[in-house]
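Chemist: Turn this into a structure:
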Amino acid sequence: MSEAQTIFGRPVQLFAGHGIINSMPRVNREPRLFDVSARVPDGFVYHQDFISEAEEHELIGEIQELHLTPFKYYQFTGKRRTASFGWQYEFGKSEITTAPEMPAFLLPVRARAGKLFNIDPNSLTQTSIIEYSIGSPIGWHRDIPHFGVVVGISLGAACRMRFHKYDRRSKNLNRDEILSLELQPRSIYLMSGASREIWQHSIPPVKELRYSIMLRTLRAKP
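Modeler: Numbers count the residues shown, from 1 in each chain. All right, here's what the predicted structure looks like:
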């Protein structure tokens, strides 16, 4: 039994030894079925239609009022723009630092995400808002070790999320070992367990303007 099954006591659709994919109920519509050929790592849980189109529109409007700054990776400046709340981190630094409090408009979303995944919403103490302009990618990486469980909410446009097992000994990717999933607008996912610790993930350059809301727990110090 996967960690996701152990932690999250909800009816789910399980795919052959990997993570969990499910459709959320849609307002006045039947739940949408997901492509049964999709495979994701253990510990990865995905739901479509987490929020409505109206809620998505409101969230994007609120995000566009925030002060977003270009993402920096050491000396490199990426195409993405971001804002951090609760905690923030800078590549090349060994510690995270405090950031402004989460905006009030995100609190209901955090509460709903916590309820869905059976997580105390108050434990989701770090939030990142990311704006992907057209052509923005994210290279292969794992989330930084200071944080634990990661929740992501997609807004505005779909994108493909890819996974491969992390192997510091090899710099070459075996395409037969790459899993991928199309993240739909208004969907939500959770990364924990193997999907968080063993697998890396990436997003190829997006074709349309996209936003994501990332919620993270703080990892307990050993």
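Chemist: what's the spacing between residue 98 and residue 198?
Modeler: Computed with CB to CB, to the nearest Å, the distance linking residue 98 and residue 198 is 30 Å. In this view, the C-beta of every residue, glycine as well, is placed from N, C-alpha and C.
Chemist: who has more neighbours, those two?
Modeler: Each of residue 98 and residue 198 has its neighbours counted (other CB atoms under 10 Å); residue 198 has more, 15 against 10.
Chemist: Give me the pLDDT value at the more buried one.
Modeler: Predicted confidence (pLDDT) for residue 198: 92.
Chemist: measure it to residue 106 for me?
Modeler: Per CB to CB, residue 198 is found 29 Å from residue 106.
Chemist: got a pLDDT number for residue 95?
Modeler: 87.
Chemist: can you pull the contacts of the residue nearest the centre of the chain?
Modeler: Nearest residue to the geometric centre of the chain (CA atoms, centre = their mean): residue 152, 2.6 Å. Neighbouring residues of residue 152 by CB atoms under 8 Å, 6 or more residues apart in numbering: 183, 188, 189, 190, 191, 212, 213, 214, 215.
Chemist: Could you count how many residues lie near the third one?
Modeler: Spelled out, it's residue 189. By other CB under 10 Å, 24 other residues sit near residue 189.
Chemist: doesn't it fall inside a strand?
Modeler: Yes - the assignment for residue 189 (DSSP: H, G, I helix; E, B strand; the rest coil) places it in a strand.
Chemist: Please name the nearest non-neighbouring residue to it.
Modeler: Computed as CB to CB, 6 or more residues apart in numbering, the closest residue to residue 189 that is not its neighbour in sequence is residue 46, at 4.5 Å.
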